[in-house]
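J.: model this:
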Amino acid sequence: MWRGVLLGIGVLFLAACETTKVAPIDAGVTPEMDTDEAGLWYQVDKAEEQLKTAAVVVRDEALNDYVRGVACRVTGPDYCDDMRVYIIEAPYLNASMAPNGLMQVWTGLLLRAENEAQLAFVLGHEFIHYKERHSLEQFRSYKNAANMSMVLSLGAAVGRVPEAAQIGSIVLTGRLYGFGRDKEREADEGGFRAAVDAGYSPDQGAALWDYVIDEVEASSSRRRQRQVARASIFSTHPLTQERVTTLRDFARAQGEGGYLGQAEHRAAISPYLNEWLNDDIARRDLGAHLYLINHLLAAGGDEGVLYFRQGEAYRVRREEGDQALALAAYQRATTYADAPPAAWREIGNVQRRQGDTIAAGAAYSTYLVQAPDATDRALVESYLKRWSMPIPERTVPATFPALSEEEADDDAS
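T.: Residues are numbered from 1 along each chain as shown. The predicted structure is shown next:
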């Protein structure tokens, strides 16, 4: 009886399955209208229309040109026009690739990539997902798994053995996610090759994942540490250490050399460091956040912003001794030309709490000179009035160039 039931289940399953092995997509090609792939593209096209006007999209032209330039360098000129890159303001290391050529690059990735080569490896990885049509393969795999689950449930009902459905479901789930891991490995290898062929240094893929491991180890979140530390058949990505080892082996076989683009990458993200680090601190993982700041400081540049953000991290953490650490970081920030005006305000706040009104007043005055139109100006002025200290006039900041006589006359007219 069981032999007949199993035979019937097998026939039903084979009839319900679609092939999950498809050929790579050619440049400039769109799917035929009567295919499941066209339906998949249609759904993503609708989502992309909404994304175009979403507030989370970073629209700065220079930054978009930079990221798109890296993507096109990796994909090559043939596929460049098929990619539409959206920079998403989100404080996590992530990028994604939709089947229709929609690529999302999150600001958390741009913040953590130390150089252009590291960004190129991630974008190359995502491009391989598109080129190899992994979304379509995964979509069909999901459908096949759902169909198989239905067939197993039917077989269990016929055979009056409900445990068979549960066991079958576990096996299928493991197989489904194993399929995902295979595609991630394929994207890692293909992305490595695409980045190296584009001229990037081969050791930077492993270097990025080394950083990820170190940031997780520094994390204040035990849950985050457990997620990376444990192995599971239900993990859709290869274990991080496995990825590092594989990419390092690829790099060793490739040899040394290649383009890094560290200065170019930092120049592209530098105007956003304060804003993006402010987003990152909202995750409330102060261990990982401080590790990120120190990593950026070690790379050099933007010290005024980075020491200010370091002070903010200590201020938010509020552990024993953090107030002194915060004050020292704020004060160090102000020794650099790129220090945000808020560094002086925070120095004033710490010194006010410590009862040093003279030092606090001097810091607050400098803050008002640096930021004459600050939204909290009235509050800061109230402290100065209480201490009978002069209030700086609301003048144009020194960073704005003075008008020439000719420009002044034109302005007056």
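J.: Tell me where the stretch 251-400 of the chain has helices.
T.: According to DSSP state H, counting those that start in this stretch, the stretch 251-400 of the chain carries its helices in the segments 262-269, 273-281, 286-299, 303-317, 322-333, 342-353, 357-370, 377-386.
J.: list the buried ones in the third one?
T.: By neighbour count on 16 or more other Cβ atoms under 10 Å, the buried set for helix 286-299 is Leu286, Gly287, Ala288, His289, Leu290, Tyr291, Leu292, Ile293, His295, Leu296. For glycine as for every other residue, the C-beta is placed from the backbone atoms N, C-alpha and C.
J.: How about the contacts made by the nearest residue to the second one once chain neighbours are set aside?
T.: Just to be clear, that refers to Gly287. Spatial nearest neighbour of Gly287, chain neighbours left out: Ser220 (3.7 Å); criterion: Cβ to Cβ, 6 or more residues apart in numbering. Listed by Cβ atoms under 8 Å, 6 or more residues apart in numbering, the contact partners of Ser220 are Asp285, Leu286, Gly287, Ala288.
J.: quick one: secondary structure of Ser220?
T.: Under DSSP: H, G, I helix; E, B strand; the rest coil, the three-state class of Ser220 is coil.
J.: would you turn the helices of the stretch 251-400 of the chain into a markdown table with distance to Gln204 and mean pLDDT?
T.: Shown next, in a markdown table, are the helices of the stretch 251-400 of the chain (distance: least, Cβ to Cβ, whole Å; pLDDT from 0 to 100):
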| stretch | distance to Gln204 | mean pLDDT |
| --- | --- | --- |
| helix 262-269 | 10 | 97 |
| helix 273-281 | 21 | 97 |
| helix 286-299 | 13 | 97 |
| helix 303-317 | 22 | 98 |
| helix 322-333 | 30 | 98 |
| helix 342-353 | 33 | 97 |
| helix 357-370 | 38 | 97 |
| helix 377-386 | 45 | 96 |
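J.: Looking at those, spot the one closest to Met83.
T.: helix 262-269 (18.0 Å; Cβ to Cβ).
J.: tell me what the closest one is packed against?
T.: Applying 3 or more Cβ pairs under 8 Å, 6 or more residues apart in numbering; DSSP states H and E, one finds that helix 262-269 contacts helix 61-75, helix 107-112, helix 116-131.
J.: between that helix and helix 273-281, how many degrees?
T.: Counting by axes from the mean of the first three to the mean of the last three Cα atoms, to 10 degrees, helix 262-269 lies at 80 degrees to helix 273-281.
J.: what are the C-alpha coordinates of helix 262-269, in PDB please?
T.: The C-alpha trace of helix 262-269 is given here as PDB (Å, rounded to 0.1, in the frame of the first residue of the first chain):
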ATOM      1  CA  GLN A 262      40.500  54.400  -0.800                       C
ATOM      2  CA  ALA A 263      40.800  58.100  -1.200                       C
ATOM      3  CA  GLU A 264      38.100  58.200  -3.900                       C
ATOM      4  CA  HIS A 265      35.700  56.200  -1.700                       C
ATOM      5  CA  ARG A 266      36.200  58.400   1.400                       C
ATOM      6  CA  ALA A 267      35.800  61.600  -0.700                       C
ATOM      7  CA  ALA A 268      32.500  60.300  -2.000                       C
ATOM      8  CA  ILE A 269      31.100  59.500   1.500                       C
END
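J.: show me where pLDDT drops low in the protein?
T.: 1-20, 144-179, 224-239, 396-413 (pLDDT under 70).
J.: With distance to Tyr272 as added columns, please give the contacts of Ser220 in CSV.
T.: Formatted as CSV, these follow (distance: Cβ to Cβ, whole Å):
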residue, distance to Tyr272
Asp285, 20
Leu286, 21
Gly287, 23
Ala288, 19
